[in-house]
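Fold the following for me, if possible:
(one chain, ligands or ions: 1)
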Amino acid sequence: MKNLFYFLSIAVIIGVLATCTNQSASQEQEEEQMVNSDEYYLEQGAEIVAASFKALSGRLMAAMKKGGVPEAVQYCNIAGLPLIDSLSEAHQVNIRRTSLKIRQPKDAPTAAEKKALDQYHAKFAAGEVLKPLVETNSAGDVAFYAPILLSEACLKCHGKLGETLKQEDYDLIKRLYPEDEAIGYAPGDLRGIWSITFVK
Ligand code: HEC
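Model prediction:
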């Protein structure tokens, strides 16, 4: 009788263990499937964009507080791209911001980004809601795009000249970015896109 009790206990324990291992095996399988799904990249991309936006705008606002537009423009000019590079490294992806109207020449769109920008602008013009999207590029890497819309605070450096953007501030911007095209915007306008590449 005692033996039977032991036998049953062990059988129950083995049964429980087997279910646990099965469960973790199927969980792993699920996670593996997740890694290759659009849903996974949409989630990761959104998180990286949120963290990058927070880092960039936090520093921009601090510089604005310290010395207004001139200080903040200098800050963006010197530290903008290095900050994005360090965020790229931290997240092990390639992060970029790009637009059809460029300020920093290094932000000029690639052919794939230009296509995505054209699609977003067509949707924006049609009054559609702009959502992030994921696609596999020609190199086989996954690219995540998300729209960048302008708020009131952006117009001090991207707004309408002589209205929201002061001439003296723009003179400074032009000195640093002689080819600048990134002005004339109104609040809510589509400024460009985040472009995140998950390099294999
Ligand atoms: C203090 C001035 C200033 C403000 C305010 C500002 N920007 Fe910029 N923006 C710049 C400068 C300068 C650059 C170029 C940065 C560089 O050299 O890397 C830039 C670049 C960009 C770019 C990259 C594409 C390009 O044209 O090079 C985007 C996108 C952008 N800004 C969007 C915004 C948005 C959205 C806001 C508001 C949330 C904003 N900016 C507020 C000065 C500003």
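
Give me the most central residue, this structure.
Centroid-nearest residue in the chain: Val49, 2.8 Å away (criterion: Cα atoms, centre = their mean).

Mean confidence (pLDDT) on the helix or strand it falls within, please.
Assigned by DSSP states H and E, Val49 belongs to helix 38-91. Mean pLDDT, helix 38-91: 96.

and for the following helix or strand past that helix, what are the contacting residues?
Downstream of helix 38-91, the next assigned helix or strand under DSSP H and E is strand 94-98. For strand 94-98, contacts defined as Cβ atoms under 8 Å, 6 or more residues apart in numbering pick out 48, 52, 84, 87-88, 107-110, 113, 117, 148, 192-197, 199. All C-beta spots, glycine's among them, are computed from the backbone N, C-alpha and C.

Direction included, what does strand 94-98 pair against?
Paired strands of strand 94-98, with direction, are strand 190-198 (antiparallel) (DSSP bridges).

lowest-confidence helix or strand of this protein?
helix 2-35 (a mean of 54; mean pLDDT, DSSP states H and E).

Pull up the residues of the chain that are close to the ligand.
Residues of the chain found near the ligand (Cβ under 6 Å from any ligand atom) are 57, 60, 69, 72-73, 76-77, 80-81, 97, 99, 102-104, 107, 148, 150-151, 153-154, 156-158, 182, 191-192.

Just the buried residues of those residues.
Among those, those classed as buried by 16 or more other Cβ atoms under 10 Å are 60, 69, 72-73, 76-77, 80, 97, 99, 102-104, 107, 148, 150, 154, 156-158, 182, 191-192.

Tell me who's in contact with Gly80.
Residues in contact with Gly80 (Cβ under 8 Å, 6+ apart) are 56, 104.

how far away is it from Gln167?
Per Cβ to Cβ, to the nearest Å, Gly80 is found 23 Å from Gln167.

residues contacting His158?
If you count contacts by Cβ under 8 Å, 6+ apart, then His158 has 150, 165, 182-183, 185, 191 around it.

Report the two of those separated the most.
Across the contacts of His158, no pair lies farther apart than Leu165 and Arg191, at 13.6 Å, counting by Cβ to Cβ.

surely Leu176 meets Ile78?
No. Using Cβ atoms under 8 Å, Leu176 makes no contact with Ile78, being 9.6 Å away.

out of those two, which sits in the more crowded spot?
More neighbours surround Leu176 than the other of Leu176 and Ile78, with 14 against 11 (other Cβ atoms under 10 Å).

Nearest residue to the more buried one in space, please, no chain neighbours.
Asn77 (5.0 Å; Cβ to Cβ, 6 or more residues apart in numbering).
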